[in-house]
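J.: Following is a predicted model, sequence given first.
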Amino acid sequence: MSETDLCLPPLDQVDPAAFNVPSKSCDCHAHIFGPRKRFPLIFDRSYTPPEASIRAYQNMHRKLGITRAVIVQPSIYGNDNKATLEAIKQYGEKNARGIAVVPNNISERELEMLHRGGIRGVRFNLLFKGGAKLKNLEHIASKIVTFKWHVQLLVDVSELQSIANKLKKLPTEVVFDHMGHMPTTRGVGDVGFQTLINLIKEGRAWAKLSGNYRISTKRPLYKDAVAFACALISASNKRVVWGSDWPHPGLYDNMPNDGALLNVLDDYAPSDTLRRAILVDNPARLYGF
């Protein structure tokens with residue numbers, strides 16, 4: 001598909017939660033797109049999404065009993081964070097946080113403005129056009145440490161060994177999107193995935209239990225991703241969070257059901273205590289709720 005082809009919208013149907021969703025549960029990874037007239041897309045992008053409003057996102061959350069959110073700046077807006085800041089405001093600043101994309105020369109005053117708007121981290125998207133560049137990682141990390149923000153990485157961790165030492169030296173926490181975004185066919189023993197596991201064990205990284213459908217080859221239940229999620233939880237159940245990845249940008253077939261994506265926690269974390277840690281306690285520490 002080309003960047004001009006329109007992605008699929010999220011499903012209207014949301015399967016009910018299969019367990020009692022604890023109070024103050026947080027969806028730690030989602031994007032808001034639009035309105036297009038107010039927030040134009042960058043020209044050099046990897047996909048074109050349909051509009052996905054904050055109202056539709058909150059409606060999905062109401063159906064699942066989720067009351068907190070982390071809005072992640074998508075690559076199609078480059079480093080213009082206005083849409084993400086507006087989404088945080090509309091969701092409710094008490095219950096929403098955000099992850100920004102910033103230029104290398106961002107000023108402290110601009111960072112302060114983003115912090116007041118609910119931003120708590122900077123994303124480096126190494127897989128799609130429009131993301132921040134890895135060469136700027138150390139410089140930006142040195143700027144955001146004052147605000148106690150973290151670095152968020154969208155990267156295929158099969159290549160993680162090459163940058164692991166660089167990450168260990170950062171003054172900030174590091175959070176990995178989508179369980180490391182590595183195809184499940186490589187197996188949990190893959191040296192890159194094990195590098196991620198070791199970073200988590202050493203207290204140098206976090207992982208999002210999101211995007212199972214992005215790494216799986218076994219639709220529609222994505223059972224081959226369970227071993228990866230369980231390995232991340234075993235590395236440290238205090239350094240994992242869950243995210244829906246709503247509205248699932250970049251997909252052109254087989255749109256996942258958001259209720260089913262939440263219900264996989266029954267496979268990953270089959271106890272109330274563990275699910276509460278993943279949905280409530282860990283996000284509160286990481287994002288400052």
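T.: Structure received.

J.: show me where the protein has helices.
T.: Ranges of helices in the chain, per DSSP state H, are 54-64, 82-91, 108-116, 137-144, 164-168, 191-201, 212-215, 226-235, 258-263, 265-268, 272-276, 282-287.

J.: any low-confidence regions in the protein?
T.: 1-4, 127-133 (pLDDT under 70).

J.: Can you check which of the helices of the chain gets nearest to Pro247?
T.: Ranking the helices of the chain by proximity to Pro247 (C-beta to C-beta) places helix 54-64 first, at 7.6 Å. No exception for glycine: its C-beta is placed from N, CA and C like everyone else's.

J.: OK, contacts around Ile66?
T.: Val21, Ser25, Cys26, Asp27, Leu262 (C-beta atoms under 8 Å, 6 or more residues apart in numbering).

J.: no no, Cys28
T.: Cys28 touches Val70, Lys208, Ser210, Val241, Trp242, Gly243, Pro283, Leu286, Tyr287, counting by C-beta under 8 Å, 6+ apart.

J.: Among the residues you listed, give me the pair with the biggest separation.
T.: Ser210 and Tyr287 (14.5 Å).

J.: Look up how far Ile119 lies from the residue lying closest to Gly118 once chain neighbours are set aside.
T.: Excluding the flanking residues, the one nearest Gly118 by C-beta to C-beta, 6 or more residues apart in numbering is Ile88, at 4.1 Å. Separation of Ile88 from Ile119 (C-beta to C-beta, to the nearest Å): 8 Å.

J.: which of the residues in stretch 253-261 are buried?
T.: For stretch 253-261, burial by neighbour count (16 or more other C-beta atoms under 10 Å) applies to Met255, Pro256, Asp258, Gly259, Ala260, Leu261.

J.: between those, which is closest to Arg214?
T.: Proximity of the buried residues of stretch 253-261 to Arg214, judged by C-beta to C-beta, is greatest for Pro256, which lies at 9.5 Å.

J.: Go ahead and confirm Val174 touches Ala205.
T.: Yes. Val174 is within contact range of Ala205, at 4.7 Å (criterion: C-beta atoms under 8 Å).

J.: Can you pull the residues that touch both of these two?
T.: Shared contacts of Val174 and Ala205, counting by C-beta under 8 Å, 6+ apart, come down to Leu167, Leu199.

J.: what's the neighbour count on the residue nearest to Gly118?
T.: Other residues near Ile88 come to 23 when the count uses other C-beta atoms under 10 Å.

J.: For stretch 219-237, measure first residue to last.
T.: Taking C-alpha to C-alpha, to the nearest Å, stretch 219-237 runs 26 Å from one end to the other.

J.: quick one on the thing from earlier: find the residues that touch each one of Ile88 and Ile119.
T.: Counting by C-beta under 8 Å, 6+ apart, the common neighbours of Ile88 and Ile119 are Arg97, Gly98.

J.: Thr184 reaches Ile215, doesn't it?
T.: Yes. If you go by C-beta under 8 Å, Thr184 and Ile215 touch, sitting 5.2 Å apart.

J.: Show me the common contact partners of the two, please.
T.: The contact lists of Thr184 and Ile215 share Ala225, Phe228, where a contact means C-beta under 8 Å, 6+ apart.

J.: roughly how far apart are Val145 and Asn257?
T.: Distance from Val145 to Asn257, by C-beta to C-beta: 39 Å.

J.: for Gly211, same thing?
T.: Relative to Asn257, and taking C-beta to C-beta, Gly211 is found at 14 Å.

J.: show me the contacts for the residue nearest to Arg186 when sequence neighbours are not counted.
T.: Ranked by C-beta to C-beta, 6+ apart and with sequence neighbours excluded, the top spatial neighbour of Arg186 is Ser158, at 5.9 Å. Ser158 makes contact with Met182, Pro183, Arg186, Asp190, Val191, Gly192, Phe193 under the criterion C-beta under 8 Å, 6+ apart.

J.: hmm, back to that, how about the contacts of Cys28 in JSON lines, adding distance to Val14 and neighbour count?
T.: Below are the contacts of Cys28 laid out as JSON lines (distance: C-beta to C-beta, whole Å; neighbours: other C-beta atoms under 10 Å):
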{"residue": "Val70", "distance to Val14": "19", "neighbour count": "27"}
{"residue": "Lys208", "distance to Val14": "20", "neighbour count": "24"}
{"residue": "Ser210", "distance to Val14": "16", "neighbour count": "23"}
{"residue": "Val241", "distance to Val14": "20", "neighbour count": "26"}
{"residue": "Trp242", "distance to Val14": "15", "neighbour count": "25"}
{"residue": "Gly243", "distance to Val14": "16", "neighbour count": "21"}
{"residue": "Pro283", "distance to Val14": "20", "neighbour count": "24"}
{"residue": "Leu286", "distance to Val14": "25", "neighbour count": "22"}
{"residue": "Tyr287", "distance to Val14": "24", "neighbour count": "23"}
